[in-house]
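# Pasted the sequence and its predicted model underneath.
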Amino acid sequence: MSVLFVPTQFSPDTSVYQRLKLVVLSLLPLTKDAIHVYIGCACLLAAAALLRWPLSSFKTLIPGLVLSLGMEALDLRDGLRQDHQLNVAASIHDLWNTNLIPFVIVLLARRRRLRV
């Protein structure tokens with residue numbers, strides 16, 4: 001029921017991207033950091049399954065990296081527009097959260113420590 005009230009709480013300066021993020025966060029019982037981890041893992045698994053790339057290939061990391069860079073570019077743009085500042089440290093933190101576990105999974109698969 002709270003989803004119906006979320007759109008009325010946005011300021012006129014809030015971008016469509018930020019509105020979408022706020023709606024998703026209101027629906028899921030996860031923190032913003034946890035969402036990044038899930039997005040990174042989902043991109044890795046989607047690349048492996050849909051593109052039929054092996055988990056041991058570094059190219060399976062590309063979709064998650066591209067998506068996370070795009071999301072952080074939008075966050076930086078919105079931060080500059082609303083607060084007139086770039087929060088680069090938060091963006092680096094989000095990139096780290098999104099891509100670390102997929103990178104570790106690929107490394108484990110390459111070292112044959114992970115059986116697929």
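Here it is on my side, so go on.
# which residues in this protein form helices?
16-27, 32-50, 62-83, 88-110 (DSSP state H).
# angle of the worst-scoring helix or strand of the chain on mean pLDDT against helix 32-50?
For the chain, counting by mean pLDDT, DSSP states H and E, helix 16-27 ranks last in confidence among helices and strands (a mean of 88). Put simply, helix 16-27 runs at 100 degrees to helix 32-50, going by axes from the mean of the first three to the mean of the last three CA atoms, to 10 degrees.
# Distance from helix 16-27 to the middle of the chain?
Relative to its chain's centre, helix 16-27 lies at 13 Å (CA atoms, centre = their mean, to the nearest Å).
# list the buried ones in it?
Residues of helix 16-27 classed as buried: 18, 21 (neighbour count, 16 or more other CB atoms under 10 Å). (C-beta placed from N, C-alpha, C; glycine too.)
# rewinding a little: out of the helices of the chain, nearest to F10?
Nearest of the helices of the chain to F10, taken as CB to CB: helix 16-27 at 5.5 Å.
# Tell me which other helices or strands that closest one touches.
For helix 16-27, the elements it packs on are helix 32-50, helix 62-83, judged by 3 or more CB pairs under 8 Å, 6 or more residues apart in numbering; DSSP states H and E.
# Please name whichever of the ones you listed is nearest to S11.
The closest of the helices and strands packed on helix 16-27 to S11 is helix 62-83. By CB to CB, the value is 8.4 Å.
# for the closest one, which positions count as buried?
Buried, per 16+ other CB under 10 Å, within helix 62-83: 63-65, 67-68, 71-72, 75-76, 78-79.
# Can you add mean pLDDT and distance to Q18 and give the helices and strands packed on helix 16-27 back as a markdown table?
As requested, the helices and strands packed on helix 16-27 are exported to a markdown table (pLDDT from 0 to 100; distance: least, CB to CB, whole Å):
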| stretch | mean pLDDT | distance to Q18 |
| --- | --- | --- |
| helix 32-50 | 95 | 12 |
| helix 62-83 | 93 | 5 |
